[in-house]
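**Student:** below: sequence and its predicted model.
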Amino acid sequence: MPLKIGQIEAIFRYPVKSMRGEPLAAAALGWHGLDGDRRLAFRRFDERGGFPWLTASKLPDLVLFTPQRREDGKGEALPTHVLTPEGKEMLVFGEALAAEVSRRYGAPVEMTHLKHGIFDDASISVITSDTVREVCRLAGVSADVRRFRPNIVIRSTRGVPFEEDEWLGGVLTFGEADDAPAVTATMHDVRCAMVNIDPDRGSLAPEVLKAALRANQNNAGIYGAVTRIGRLDVGQTIVFHPARNPLTSK
């Protein structure tokens with residue numbers, strides 16, 4: 001039976017991959033994730049493999065850059081400028097920004113726009129605030145959801161860390177209407193060194209990844225596939241629909 005499991009506590013999108021996220025009160029959920037999420041990324045000229053994108057795992061400073069959107073952005077959910085850690089505003093596709101990031105990385109990069117986004121595993125990531133608090137508690141750092149870079153943060157009714165593991169194969173609907181937007185929980189969010197990066201300083205705390213590994217086999221949150229599009233709002237009720245058992249379902 002469908003079960004109300006909590007509410008949306010926060011929504012985030014990341015216009016430029018690995019740069020600072022943007023908290024939202026509401027967002028459009030499309031077939032390729034949140035409108036404007038991870039549509040831009042720096043491509044590394046020195047990488048010839050299957051993943052050429054520059055991420056904060058290679059350059060932790062990236063999390064200190066803040067994408068910004070001006071009113072002249074033609075209504076698109078894409079940034080027009082980026083604020084550097086030193087407070088300099090640069091055009092997102094300008095030579096100055098590419099040069100600054102290239103200097104910090106130590107090799108040339110260029111900004112790239114992919115229409116349907118640049119994702120590691122899936123277009124939507126979900127985590128509960130209880131999971132964030134537990135991993136950070138075990139690591140001995142302040143609880144900060146920004147370390148985990150989710151799209152949707154859930155305030156769970158149960159309040160149990162790693163509850164997300166129980167959702168695999170099921171569907172999360174956001175709102176109680178028959179046509180509410182929906183995401184199928186497809187896989188664990190297996191954590192990498194990104195969670196070690198302090199979102200305000202760019203410094204590293206290896207204890208965070210170690211805590212996730214020790215507590216839950218490195219899993220913290222889930223990835224999902226969009227199965228019905230619509231609008232997400234902070235405070236929206238979330239309903240979990242368990243996977244149907246083909247042996248018992250008619």
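**Tutor:** Yes, it's here. Not measured: the values here are computed from a predicted model.
**Student:** which residue would you name as the spatial centre of this protein?
**Tutor:** Residue closest to the mean C-alpha point of the chain, counted by Cα atoms, centre = their mean, is residue 150 at 3.3 Å.
**Student:** the spatially closest residue to residue 198 that is not a sequence neighbour and residue 37, how far apart?
**Tutor:** The spatially closest residue to residue 198, leaving aside those adjacent along the chain, is residue 205, at 6.5 Å (Cβ to Cβ, 6 or more residues apart in numbering). Quick note: C-beta positions are derived from backbone N, CA and C, even for glycine. Computed as Cβ to Cβ, to the nearest Å, the residue 205 to residue 37 distance reads 26 Å.
**Student:** who has more neighbours out of those two?
**Tutor:** Set residue 205 next to residue 37 and count neighbours by other Cβ atoms under 10 Å: residue 37 wins out with 26 against 17.
**Student:** hang on, that one is in a helix, isn't it?
**Tutor:** No. Going by DSSP: H, G, I helix; E, B strand; the rest coil, the assignment for residue 37 is coil, not a helix.
**Student:** any low-confidence regions in the protein?
**Tutor:** For the chain, the stretches with pLDDT under 70 are 71-76, 245-250.
**Student:** please enumerate the helices of it.
**Tutor:** Per DSSP state H, the chain carries helices over the ranges 95-105, 129-139, 207-216.
**Student:** name the helices or strands packed onto the first one?
**Tutor:** Spelled out, it's helix 95-105. strand 40-44, strand 89-91, strand 109-113 (3 or more Cβ pairs under 8 Å, 6 or more residues apart in numbering; DSSP states H and E).
**Student:** touching it from outside, list them.
**Tutor:** Applying Cβ atoms under 8 Å, 6 or more residues apart in numbering, the external contacts of helix 95-105 come out as 42, 44, 54, 58-59, 61-62, 65, 82, 84, 90-91, 108-111.
**Student:** now the residues you listed: which count as buried?
**Tutor:** 42, 44, 54, 58-59, 61-62, 65, 82, 84, 90, 109, 111 (16 or more other Cβ atoms under 10 Å).
**Student:** list just the nearest of those to residue 126.
**Tutor:** Checking these against residue 126 by Cβ to Cβ gives residue 62 as the nearest, at 22.9 Å.
**Student:** related to what we said a few turns ago, show me the contacts for the residue nearest to residue 198.
**Tutor:** Residue 205 touches 139, 141, 196, 198, counting by Cβ under 8 Å, 6+ apart.
**Student:** same thing with residue 46?
**Tutor:** 107-108.
**Student:** what of residue 44?
**Tutor:** Residues near residue 44 by Cβ under 8 Å, 6+ apart: 52-54, 58, 105, 107-109.
**Student:** residue 21 now?
**Tutor:** If you count contacts by Cβ under 8 Å, 6+ apart, residue 21 has them with 12-14, 146, 149.
**Student:** can we see that at 10 Å?
**Tutor:** Residue 21 sits next to 10-15, 37, 63, 66-67, 145-146, 149-151, 199 when contact means Cβ atoms under 10 Å, 6 or more residues apart in numbering.
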